[in-house]
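**Q** What shape does this take:
(chains A and B)
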Amino acid sequence: MSGNPERFSRLLIDLQDVWAGYEADTVLEQVTFKLYEGDFVGLIGPNGGGKTTLIKVILGLVEPSRGQVKVMGLPAKEGRRFIGYVPQILLDDKAFPISVWDVVSMGRLKSGFGNLKLSKTDKQAIAIALEQTGMEDFANRSINELSGGQRQRVYISRALATEPKILLLDEPTASVDPHATTQIYDLFSKLNQDISILLISHDMTAISTYVKTIGCINHRLVYHNEKALTPEMLAIGYECPIDLIAHGIPHRVLAEHDQEVGHVH
Amino acid sequence: MFTDWLTYDFMRNALMASLLVSVACGVIGTLVVLNRIVFISGGIAHAAYGGVGIAYYLGFDPMIGAIGFSVLSALGMGLAHRRQGQRSDTVIGVMWAIGMAIGIISLSLSPGYKADLMSYLFGSILAVSVVDLWLMALIVVMVVAFVALFYRKLLSLSFDETFSTVRNLAVTPLYLAMITLIGLTVVISMRVVGLIMVIALLTIPPAIANLFLKNMGKIMAAASAIAVVSSILGLMISYLLNLPSGAVIILLLGVFYLLAAMASAVKHQPAR
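**A** Presented below is the predicted three-dimensional model:
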């Protein structure tokens, strides 16, 4: 896992003193965050703590009221093309009539004209993206027939088909059963050999054992490129530690060891 | 007996109009259903009545007034929907009602006989002129060309707008072009079934197709075919029984939908 230390030098996402919100309501305060090449960062935070806003700021969907956002050294709206965005699965889009292959092929769309047909390169990239997540046998299935975990893999494949430098995942296990969750995090570890990952979730049960570094977001962000939660992280939002204790695993999250066994079934 | 009705010019025009409008509705209606903007298309149809009324009052072709109002209201409602999402339904409802009110008031201020007035509410397929047919043909060509050129982007936009935005796929221009074509399709559909029933002609055919098909392109083709069959069949029945054609077409579509929903339920039952 350690690899070449050079890999960790390149700055991919750079948030400098970012403030953002809606109308009078400031959701993000003073957020400074850097994602480097090779990182696998898990940010946890309570609902309403600004997770979605943080994602939107990184994707250039929300303009910060203060501060600066750079993705691959570019403004977010340009740099976002290097981000493979994996949205949270919403079960209400279940009825959409579309095959797995067609969903993943969206990752190959380019701006401008000339998207009439998939090129050979496009088809190869789609096939590879499906193989990477183990969904190659489902290519012709309708996404409505899939479980939450399988749908999540299809969305990850779509992001991979864009050949991203960064995977940005929003609540990747929200609609996924515990067994499939473990498998999906295994997949992230494997993908992390080539792609940097930023994962944002309120569910820290799985995050801590798989990610390389962890942070906490509750309006403010506490992130020091470290593996364990610090007391400072716990202090920024009282909901954070409550959530931790509710899951019954504070000792594990706070422990300094890195590779622990995940769930016990 | 089944062909003698074609000897009349107005019946041939009506048949041609049904075919053209059905194709436009099948294709555009699928986008309306998949993008969940049925309410907007209803709003456009009713707001267009304001254009009809003003055209009557000022003495120009009501179709031009309808096109102007429907395209403007389509853009207004579309932008409101994009800015505010689900919360835009109030604004859309207001524009819907204001358009209707403008239409009713300007029609009541217009002098003379207004027999035509009802035709915009309930359709007047037997009064379709050759000029109307050319307009319909032009709009069908625009609709089909637009969808053929941007099919994959439209699919992506309909399925996941945020992802499309992040991929810099020019989502806003594409959305505005789509909503403009919805407005134009609504106007020509008004001639066939009237503004009150436009929603049904736009949504029932794709809804039937969606029960059995899981591909947007196939749904568009099947919805067009379903609309063609129902409008021609409806036209014949209305001719034979001397009933209002628009209402007969919609009723047929409603019956087809019920039958299809039952067939689909039976088909899926063994799996449970």
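**Q** Put the alpha carbons of stretch A:34-50 into CSV.
**A** Extracted C-alpha coordinates of stretch A:34-50, given in CSV (Å, rounded to 0.1, in the frame of the first residue of the first chain):
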residue,chain,number,x,y,z
LYS,A,34,-6.1,19.5,0.6
LEU,A,35,-6.4,16.1,-1.2
TYR,A,36,-3.1,14.7,-2.5
GLU,A,37,-2.5,12.1,-5.1
GLY,A,38,-2.8,8.6,-3.6
ASP,A,39,-5.0,9.8,-0.7
PHE,A,40,-8.0,7.9,0.5
VAL,A,41,-9.8,10.3,2.8
GLY,A,42,-13.0,9.7,4.7
LEU,A,43,-14.8,12.7,6.0
ILE,A,44,-17.6,12.1,8.5
GLY,A,45,-20.2,14.4,9.8
PRO,A,46,-23.7,14.6,11.0
ASN,A,47,-26.6,15.3,8.6
GLY,A,48,-27.0,19.0,8.2
GLY,A,49,-23.3,19.5,8.9
GLY,A,50,-22.5,20.6,5.4
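**Q** starting at the chain centroid, how far to that stretch?
**A** The chain centre lies 8 Å from the centre of stretch A:34-50; the measure is C-alpha atoms, centre = their mean, to the nearest Å.
**Q** What residues sit buried inside it?
**A** A:35-36, A:38-46, A:49-50 (16 or more other C-beta atoms under 10 Å in any protein chain shown). Heads up, the C-betas are built off the backbone N, CA and C, glycines and all.
**Q** Around chain A, which positions in the stretch 51-200 of chain B sit nearby?
**A** The stretch 51-200 of chain B comes close to chain A at residues B:149-153, B:155-156, B:158-160, B:162-170, as judged by C-beta under 8 Å from any C-beta of the partner chain.
**Q** any chance you could map the strands in chain A?
**A** A:11-22, A:25-36, A:40-44, A:66-71, A:74-75, A:83-86, A:166-170, A:196-201, A:213-218, A:220-226 (DSSP state E).
**Q** Of all the ones you listed, which one comes closest to chain B?
**A** Chain B lies closest to strand A:83-86 among those, at 5.0 Å (C-beta to the nearest C-beta).
**Q** Which residue is the nearest non-sequential neighbour of B:D89?
**A** B:F39 (6.2 Å; C-beta to C-beta, 6 or more residues apart in numbering or on different chains).
**Q** now swap in B:G29 and tell me
**A** Excluding the flanking residues, the one nearest B:G29 by C-beta to C-beta, 6+ apart is B:L202, at 3.9 Å.
**Q** Output the strand or helix carrying the one you found in PDB with nothing but the alpha carbons.
**A** Per DSSP states H and E: B:L202 is located in helix B:198-212. The C-alpha trace of helix B:198-212 is given here as PDB (Å, rounded to 0.1, in the frame of the first residue of the first chain):
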ATOM      1  CA  VAL B 198     -52.800  17.800 -24.100                       C
ATOM      2  CA  ILE B 199     -51.300  16.400 -21.000                       C
ATOM      3  CA  ALA B 200     -52.900  13.100 -21.700                       C
ATOM      4  CA  LEU B 201     -51.700  12.900 -25.300                       C
ATOM      5  CA  LEU B 202     -48.200  13.700 -24.100                       C
ATOM      6  CA  THR B 203     -48.000  11.300 -21.100                       C
ATOM      7  CA  ILE B 204     -50.300   8.300 -21.600                       C
ATOM      8  CA  PRO B 205     -48.500   6.800 -24.700                       C
ATOM      9  CA  PRO B 206     -45.000   6.900 -23.000                       C
ATOM     10  CA  ALA B 207     -46.600   5.600 -19.800                       C
ATOM     11  CA  ILE B 208     -48.000   2.600 -21.600                       C
ATOM     12  CA  ALA B 209     -44.700   2.000 -23.400                       C
ATOM     13  CA  ASN B 210     -42.800   2.300 -20.100                       C
ATOM     14  CA  LEU B 211     -44.700  -0.600 -18.700                       C
ATOM     15  CA  PHE B 212     -43.100  -3.000 -21.100                       C
END
